[in-house]
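Undergrad: Pasting a predicted model and its sequence here:
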Amino acid sequence: MIAHADTIPKQRHPLIAFLLRWLLTTNHKEIGTLYLCLAFLLFFIGGAMAMVVRLELFQPGLQFTQPDFYNQMVTLHGLIMVFGAVMPAFVGLANWLVPLMIGAPDMALPRLNNFSFWILPFAFILLLSSMFMEGGAPNFGWTFYAPLSTTYGPPSTDYFILGVHLMGVSSVLGAINVMVTILNMRAPGMTLFRMPLFVWTWLITAFLLIMAMPVLAGAVTMMLTDRHFGTSFFEASGGGDPVLFQHVFWFFGHPEVYIMILPGFGIASQIIPTFARKKLFGYHSMVIATIAIALLSFIVWGHHMFAAGMPLAAELFFMYATMLIAVPTGVKVFNWVATMWRGSMTFETPMLFAVGFVIMFTIGGFSGLMLALVPADFQYHDTFFVVAHFHYVLYPGAIFGTMAAVYYWLPKWSGRMYDERLGKIHFWTATIAVNLTFFPMHFSGLAGMPRRIVDYSIAFADFNMLSSIGAGLLGLTQILFLYIVVKALTSGEKVTDAQVWEGAEGLEWTLPSPAPLHSFETPPVIEPDDAHAAADRA
Amino acid sequence: MSKSTNSKRRHVAVLLLVAAGMFGFAFALVPLYEIFCEITGINGRTSGEAVSAAPMAEVSDREVTIQFAAQVNRGMPWEFRPTENQMRVRLGEVNRTEYYARNRASGRVTGQAVPSVAPSAAAPYLHKVECFCFTQQHLQADADIDMPVLFYVDPELPEDIGTLSLSYTMFRVPETEVVLSEPVTDSHADHEGHYQP
């Protein structure tokens, strides 16, 4: 059959040929593109749900949604943004960039790579289809605490459980692929400590994924057996304990937070040196700080549960362990600032997003420190202050990081330049909108506005109106982003220079633009540069 | 087979094992959590074992307030309440209180009470000499019962705790797990003697 196909090329309908090409591709660049497109699509779906939430919260009282539907929107927004937008976007970037940065011809396991991607659309069809089922979509928040999700969950919860299982399988297989690629496929001379920071952060992210996602799979499996097979992991009447659910969930959940930010750290560490035209300050300390953050992330889960009841000793332990994370994170922020210090800086769009990332992520980091304080946390717990905190680390962190990466590497991927003027407009409107949306939430939260509730006291009306206006603007700016990307891909100015950016360094910038479908079939030889050679000697 | 293929396979195998191990670890958290709570007494868990009344000898002068609370779990058709809301007790002194339960269902229902102590730091210091929570309680339709608790508070109770609350949640025991070794209460009865072998 194969020989037959070889000798007589089959004439397929172009549409079928197109679909089969993308369905069966094992090329890391094409799979990277697929991941990024899926993430972009789900980003808009999750964003539309956020718009429903903000529209409802525009004024106190019930305007557009009923409480149950509101809860479904909050839940799906969280799940889709975490598992559908941020994580696939980062996996897509890893697919595109890791082989290029280490001089590998492809990922180590190309067919597994294809499988990891194509599980995801089915996972999200399962999850999203729950909206159209009797009893509605999951409505218990993205953290799906038992017994809300076990005893009281709608029937569609089972679709959610299977969806999460599929996402978990996809992430773990994707992470194994990235890790095996980095450990085995580096070009000669590319020692671990000569790898670009993005590769380092992804190596550590892959480790976190392999350690954390199976625990999530365990949690949803326990939910499934509690719901249908008579077990009582989380059911008090059978000797179980709902608080156990929170421990299992957050044992996954806190590493997950770093899964969603470490690749962003890597992106900032690639972009800032380029536009500051200086070497990254403190390369080794960056790597060690990333490892320290990853290890600490496994012993701080209790800070999500201070209000759930915990002995004083445990509260103190989790408080100090959490605050300890500020040290390696501070090292990173310091290094980025030191890289910019006395650099010949220019502010092209990727740099704007990277600098915005550093500044606003730090704001989110500070509110995280406030939340880590046990006595203060009892005031902040489950208020909009928490919402403000994690959106400050996720939006300017993960999302701005991804956007910076798209602007930075799009000319390399496609061979076409985006519109610089529109890119700058995108950055500034997005920055204004992010702060307008999320900054007032600090105040409404401190004043006591609880999260995840459809209605609120009129005392919080002004802050919420500001947040909703900001959110609407933020939604519009992402449509602008879509337009910029489409415009660049269809009619952007052609890029001929391999290096694209004046100060860019790294193997990917030695390839022609656009990067050919197959690259580094003969591995490049890495000449140890002076700085790293000196570091190696030291 | 090239060396690098071998190395890749080894890495894949190790990483798959790690993932499988972490999946198992999620389930291992269940017994670990139980053991941790039992040893430390956190989570308000009190010992499920009766203690002898021997330490009565060391009654101290210090007094604390103990409050009693009761609730029934979802799907449990019983009325269930303490007969007194609180009492002052001296540390080390054995005291007695009673809980009242009545089955409002039209058939026999078996209940199991699960105690919880707040603040949880006090849980290891509350000792029960006798408690209806040690066994299942069986009530016929419309039967009711007064159930005693004999307890003392350990004189070692930390100084900063002045008030304890002892709360029971009454759970309905599924028919498959009912142990009918004790007599079934079918009319108003005093529970005295039911714990004797």
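TA: Noted; the coordinates are in hand. This is a predicted model, so every value here is computed, not measured.

Undergrad: Find the nearest non-adjacent residue to residue B:149, please.
TA: Distances taken as Cβ to Cβ, 6 or more residues apart in numbering or on different chains place residue B:131 nearest to residue B:149, at 5.0 Å, with adjacent residues excluded. For every residue, glycine as well, the C-beta is placed using N, CA and C.

Undergrad: Now residue A:362. Nearest residue, chain neighbours left out?
TA: Excluding its sequence neighbours, the residue lying closest to residue A:362 (Cβ to Cβ, 6+ apart) is residue A:333, at 5.6 Å.

Undergrad: now swap in residue A:484 and tell me
TA: Among residues not flanking residue A:484 along the chain, residue A:422 sits closest, at 4.9 Å (Cβ to Cβ, 6+ apart).

Undergrad: What distance do you get for the one you found to chain B?
TA: Separation of residue A:422 from chain B (Cβ to the nearest Cβ, to the nearest Å): 42 Å.

Undergrad: Can you give me the neighbour number for that residue?
TA: 16 (other Cβ atoms under 10 Å in any protein chain shown).

Undergrad: Correct me if wrong: it contacts residue A:485.
TA: No - using Cβ atoms under 8 Å, residue A:422 is not in contact with residue A:485; the gap is 10.2 Å.

Undergrad: shouldn't residue A:412 be in contact with residue A:513?
TA: Yes - here residue A:412 reaches residue A:513: they are 5.5 Å apart, a contact under Cβ under 8 Å.

Undergrad: So for the two, which residues contact both of them?
TA: Common neighbours of residue A:412 and residue A:513, counting by Cβ atoms under 8 Å, 6 or more residues apart in numbering or on different chains, are A:495, A:500.

Undergrad: Model confidence score at the residue nearest to residue B:149, please.
TA: Residue B:131 is assigned 88 on the pLDDT scale.

Undergrad: That one and residue B:24, how far apart?
TA: As judged by Cβ to Cβ, to the nearest Å, residue B:131 and residue B:24 stand 36 Å apart.

Undergrad: can you pull the contacts of the residue nearest to residue B:149?
TA: Applying Cβ under 8 Å, 6+ apart, we find residue B:131 in contact with B:50, B:115, B:149-151.

Undergrad: Put the buried members of those into a ChimeraX selection.
TA: Remark: buried members of the contacts of residue B:131, expressed as a ChimeraX selection using 16 or more other Cβ atoms under 10 Å in any protein chain shown:
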select /B:115,149,150,151
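
Undergrad: Among the contacts of residue B:131, which one sits closest to chain A?
TA: Of all the contacts of residue B:131, residue B:115 has the smallest distance to chain A: 12.2 Å, by Cβ to the nearest Cβ.

Undergrad: so which helix or strand takes in the closest one?
TA: Element membership of residue B:115, judged by DSSP states H and E, is strand B:109-118.

Undergrad: Can you name the next helix or strand after that strand?
TA: Downstream of strand B:109-118, the first helix or strand assigned by DSSP H and E is strand B:126-131.

Undergrad: Now do that following strand: distance to the chain's middle.
TA: Chain-centre distance of strand B:126-131: 11 Å, with Cα atoms, centre = their mean, to the nearest Å.

Undergrad: Can you report how many residues neighbour residue 31?
TA: Because you didn't say which chain, this covers chain A. By the criterion of other Cβ under 10 Å, residue A:31 has 26 neighbours.

Undergrad: was after chain B, sorry
TA: Residue B:31: 9 surrounding residues under other Cβ under 10 Å.

Undergrad: Tell me how far it lies from chain A.
TA: Residue B:31 sits 10 Å away from chain A, going by Cβ to the nearest Cβ.

Undergrad: Can you pick out the most distant pair from the contacts of residue B:131?
TA: B:115 and B:150 (13.3 Å; Cβ to Cβ).

Undergrad: hey, what's in contact with both of these two?
TA: Joint contacts of residue B:115 and residue B:150 (Cβ under 8 Å, 6+ apart) are B:128, B:131.

Undergrad: Point out the residues in chain B that sit beside chain A.
TA: Within chain B, the positions near chain A by Cβ under 8 Å from any Cβ of the partner chain are B:4, B:7-8, B:11-12, B:15-16, B:18-27, B:29-30, B:33, B:37, B:40, B:42-44, B:73-74, B:114, B:120-121, B:169, B:171-172, B:174.

Undergrad: host element of residue B:145?
TA: If you go by DSSP H and E, residue B:145 is part of strand B:144-153.

Undergrad: of all of chain B, which residue lies closest to chain A?
TA: Closest point on chain B to chain A, by Cβ to the nearest Cβ, is residue B:26, at 2.4 Å.

Undergrad: Now stretch A:171-180 - C-alpha only, CSV.
TA: Taking Å, rounded to 0.1, in the frame of the first residue of the first chain, the C-alpha atoms of stretch A:171-180 are listed here in CSV:
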residue,chain,number,x,y,z
SER,A,171,0.1,18.2,29.2
VAL,A,172,2.1,15.3,30.7
LEU,A,173,2.9,13.8,27.3
GLY,A,174,3.8,17.3,26.0
ALA,A,175,6.0,17.9,29.0
ILE,A,176,7.8,14.6,28.6
ASN,A,177,8.4,15.4,25.0
VAL,A,178,9.9,18.8,25.9
MET,A,179,12.1,17.4,28.6
VAL,A,180,13.4,14.5,26.5
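
Undergrad: List the neighbours of it that are in contact with it.
TA: The contact list for stretch A:171-180 (Cβ under 8 Å, 6+ apart) reads A:87, A:91, A:94, A:98, A:107-109, A:112-113, A:115-117, A:202-203, A:205-207, A:209-210, A:213-214, B:8, B:11-12, B:15-16, B:19.

Undergrad: ok, now stretch A:118-127?
TA: For stretch A:118-127, contacts defined as Cβ under 8 Å, 6+ apart pick out A:23, A:35, A:38, A:42, A:76, A:79-80, A:83-84, A:88, A:159-160, A:162-164, A:166-167, A:169-170.

Undergrad: Please check those and keep the buried ones.
TA: A:35, A:38, A:42, A:76, A:79-80, A:83-84, A:88, A:159-160, A:162-164, A:166-167, A:169-170.

Undergrad: Was I right to think residue A:46 contacts residue A:81?
TA: Yes - with contact defined as Cβ under 8 Å, residue A:46 counts as touching residue A:81 (4.4 Å).

Undergrad: Spell out the residue ranges of the strands in chain B.
TA: In chain B, the segments counted as strands under DSSP state E are B:63-72, B:78-82, B:86-90, B:95-103, B:109-118, B:126-131, B:137-139, B:144-153, B:163-172, B:189-190.

Undergrad: and of those, who's closest to residue A:281?
TA: Taking Cβ to Cβ, strand B:109-118 is the member of those nearest to residue A:281, at 51.9 Å.

Undergrad: Can you tell me the strand partners of that closest one and which way each runs?
TA: strand B:137-139 (antiparallel), strand B:163-172 (antiparallel) (DSSP bridges).

Undergrad: what mean pLDDT does whichever helix or strand residue A:170 is part of have?
TA: Using DSSP H and E, residue A:170 sits in helix A:157-184. In this model, helix A:157-184 has a mean pLDDT of 96.

Undergrad: Enumerate the positions of the following helix or strand past that helix that are buried.
TA: Downstream of helix A:157-184, the first helix or strand assigned by DSSP H and E is helix A:197-228. Residues of helix A:197-228 classed as buried by neighbour count (16+ other Cβ under 10 Å): A:197-224, A:226-227.

Undergrad: orientation of the strand holding residue B:115 relative to strand B:144-153 in degrees?
TA: Strand B:109-118 runs at 30 degrees relative to strand B:144-153, counting by axes from the mean of the first three to the mean of the last three Cα atoms, to 10 degrees.

Undergrad: Contacts only, for residue 76.
TA: With no chain named, the answer covers chain A. A:46, A:49, A:127-128, A:131, A:137-138.

Undergrad: The intended chain is chain B.
TA: Listed by Cβ under 8 Å, 6+ apart, the contact partners of residue B:76 are B:109, B:111, B:170-172.

Undergrad: mind redoing it with 10 Å?
TA: Contacts for residue B:76 (Cβ atoms under 10 Å, 6 or more residues apart in numbering or on different chains) come out as A:237, B:103-105, B:109, B:111-112, B:169-173.
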